[in-house]
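J.: Please find the sequence and the predicted model below.
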Amino acid sequence: MNTRELYETRLKRYVKAMRNEKPDMVPIRPFVAEFTAKYAGFSIQEATHDYRVAFEACRICARDFDWDAMVPNMIYVWTGLTQAMGITYYGIPGIDIPPETGFQYREPPEEEAFMKPEEYDALIEDPTGYLLNVWFPRVSRFVKAPGEPIDEYHNLAFLRGGMAMMQYFQALSDLAREFREELGVVPAISGILKAPLDILADKLRGYYGLVTDLHERPQKVLKACEALMPHLLEVALSGADPEKNLPITIWMHRSCVPFINPEHFSNIFWPTLKPILEEIWKRGHQVLFYAEGNWDYHLETFKELPPGSIIYHVDRGDIFKVHQVLGDRFCISGGVPNDLLAFGSPEEVRDCIKKIIDNVARDGGYIMDASAIIQNDAKIENIKAMTDFTREYGQY
């Protein structure tokens with residue numbers, strides 16, 4: 001079959017599974033990040049510093065592996081952009097961390113959090129203004145706060161940062177088109193979402209600061225999450241697939257039990273996330289619920305969402321329990337442990353996949369993937385085993 005026919009076949013297979021139906025075979029959609037550089041023969045430092053290297057690594061993997069869908073580039077922190085803007089919360093391979101280590105998030109201690117506890121009212125009143133005028137100067141080496149003397153580095157941070165962002169996202173759009181038209185591979189996702197409470201934890205107060213706030217000023221936390229809701233919905237929809245085939249992805253971070261307690265989950269996290277998910281579904285878009293960590297405690301809560309509205313991705317949770325609780329409502333993906341891909345044998349990988357296909361995928365509604373983003377510790381022979389065995393055994 002030609003490239004166009006291959007793409008249409010893979011898209012149909014992928015979409016049908018996401019709709020919790022039974023396609024012709026189990027779709028394969030690995031979220032491969034630094035693994036692509038390893039497979040293609042590039043260093044992690046090279047792929048992070050030069051997005052053209054990262055893109056070429058993705059092309060090579062798309063050509064060599066029989067995958068239905070993949071993200072055009074999961075090594076998304078291009079240091080040309082972060083360094084142009086002077087962003088300080090990334091650890092960059094070869095500069096802040098070893099050259100063969102994937103980029104890291106650097107979270108400050110609670111007393112040095114990018115947002116102070118007394119600043120909730122400012123965030124609630126004007127989230128955009130707060131981020132621009134208070135938060136951004138704190139996370140950038142170059143950007144000055146209002147009232148401070150402006151220098152050339154401040155101006156260049158906006159100029160170079162804007163130019164770098166336009167350059168990167170235009171090139172990423174071209175790569176997605178190349179995936180479709182020349183490689184016959186489906187770009188796996190379109191659009192991004194984060195829960196309001198995770199925004200506070202990840203980028204503003206830090207995890208420790210947020211935990212303190214949940215106990216000392218829970219109403220302020222709730223109001224801040226409510227203030228962020230319309231902005232996060234708009235971000236998600238602005239990048240959504242106009243054809244409504246590809247899902248918006250929500251990266252679920254540290255808001256499950258035991259990172260927060262059940263009361264805070266029920267009274268703050270879920271009431272400020274659920275309406276966003278429901279509104280996205282009303283607009284005709286699915287959400288890939290990338291449940292990083294173990295969210296098994298909350299499975300019954302997730303049943304409140306409309307059937308078909310999400311694809312539930314299993315990381316540390318029990319995939320068989322997830323299937324039992326959610327399998328009649330939502331497509332499930334993932335569940336192949338990353339440590340197995342890094343330290344196991346191809347035979348062990350095949351045994352694991354056989355159990356998943358037999359017990360989770362037998363009626364459709366399942367997408368093959370690792371539990372979490374695949375980095376450069378995964379063995380190439382194990383990724384090949386995951387791919388080849390799924391194609392061989394995952395036929396309906």
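T.: Done, it's in.

J.: Quick one: neighbours of residue 102, just the number.
T.: Look at residue 102: counted by other Cβ atoms under 10 Å, it has 21 neighbours. No exception for glycine: its C-beta is placed from N, CA and C like everyone else's.

J.: Look up which helix or strand it falls in, please.
T.: Under DSSP states H and E, no helix or strand contains residue 102.

J.: Which pLDDT value belongs to it?
T.: At residue 102, the model reports a pLDDT of 91.

J.: Phi, psi for the closest residue in space to it that isn't next to it in sequence please.
T.: In space, and not counting its chain neighbours, residue 102 is closest to residue 34: 4.7 Å by Cβ to Cβ, 6 or more residues apart in numbering. Phi and psi for residue 34, reported as degrees, to the nearest 10, are phi -60, psi -20.

J.: Quick check: residue 34 vs residue 87, distance?
T.: Residue 34 is 20 Å from residue 87, where distance means Cβ to Cβ, to the nearest Å.

J.: quick one, which of these two is more surrounded?
T.: Using other Cβ under 10 Å as the criterion, residue 34 and residue 87 rank with residue 34 on top: 27 against 20.

J.: before we move on, the earlier item: list the contacts of the residue nearest to residue 102.
T.: By Cβ atoms under 8 Å, 6 or more residues apart in numbering, the residues touching residue 34 are 44, 47, 75, 102, 374-376.

J.: ok, of the residues you listed, which one's closest to residue 186?
T.: Nearest to residue 186 among the contacts of residue 34 is residue 374, at 17.4 Å by Cβ to Cβ.

J.: If the closest one is in a bridge, with which residues?
T.: residue 32 (DSSP bridges).

J.: where does it sit relative to residue 20, distance-wise?
T.: As judged by Cβ to Cβ, residue 374 and residue 20 stand 24 Å apart.

J.: between the two, which one's more packed in?
T.: residue 374 (25 against 20).

J.: which residues touch that one?
T.: 30-35, 338, 341, 383.

J.: Could I get those in TSV, plus columns for pLDDT and distance to residue 357?
T.: TSV is the format used below for the contacts of residue 374 (pLDDT from 0 to 100; distance: Cβ to Cβ, whole Å):
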residue	pLDDT	distance to residue 357
30	98	15
31	98	19
32	98	20
33	97	25
34	97	27
35	98	22
338	98	19
341	98	16
383	98	17
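
J.: sorry, back to before: tell me the one of the contacts of residue 34 nearest residue 396?
T.: residue 374 (25.3 Å).

J.: ok, residue 281 to residue 59 distance?
T.: Here the criterion is Cβ to Cβ. By it, residue 281 lies 33 Å from residue 59.

J.: ok now stretch 308-315, how far from the chain's centre?
T.: From the chain centre to the centre of stretch 308-315 is a distance of 13 Å (Cα atoms, centre = their mean, to the nearest Å).

J.: got the CA positions of that stretch in PDB?
T.: Taking C-alpha atoms only, stretch 308-315 is exported to PDB below (Å, rounded to 0.1, in the frame of the first residue of the first chain):
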ATOM      1  CA  GLY A 308     -15.600   7.800  25.500                       C
ATOM      2  CA  SER A 309     -14.500  11.300  26.700                       C
ATOM      3  CA  ILE A 310     -11.000  10.100  27.700                       C
ATOM      4  CA  ILE A 311      -8.400   7.600  26.900                       C
ATOM      5  CA  TYR A 312      -7.000   6.400  30.200                       C
ATOM      6  CA  HIS A 313      -3.200   5.800  30.200                       C
ATOM      7  CA  VAL A 314      -1.900   3.500  32.900                       C
ATOM      8  CA  ASP A 315       1.500   4.200  34.400                       C
END
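
J.: Just want the most central residue of this structure.
T.: With distances taken as Cα atoms, centre = their mean, residue 251 lies nearest the centre of the chain, 4.4 Å away.

J.: Secondary structure of it: a strand, I assume?
T.: Yes. Counting by DSSP: H, G, I helix; E, B strand; the rest coil, residue 251 is part of a strand.

J.: Surely residue 333 is within a helix?
T.: No. Residue 333: not assigned to a helix; according to three-state DSSP it is strand.

J.: Thought residue 326 was touching residue 299, still the case?
T.: Yes. With contact defined as Cβ atoms under 8 Å, residue 299 and residue 326 form a contacting pair (6.0 Å).

J.: Between these two, point out the one with more neighbours.
T.: Set residue 299 next to residue 326 and count neighbours by other Cβ under 10 Å: residue 326 wins out with 23 against 17.

J.: Not counting sequence-adjacent ones, nearest residue to the more buried one?
T.: residue 312 (5.5 Å).

J.: Now do the phi/psi pair for that neighbour.
T.: Main-chain dihedrals, residue 312, degrees, to the nearest 10: phi -100, psi 120.

J.: Output the longest helix belonging to the chain.
T.: The helix spanning the most residues in the chain, taking DSSP state H as the definition, is helix 152-178.

J.: Next secondary structure element downstream of it?
T.: strand 186-187.

J.: Fine, thanks again, bye for now.
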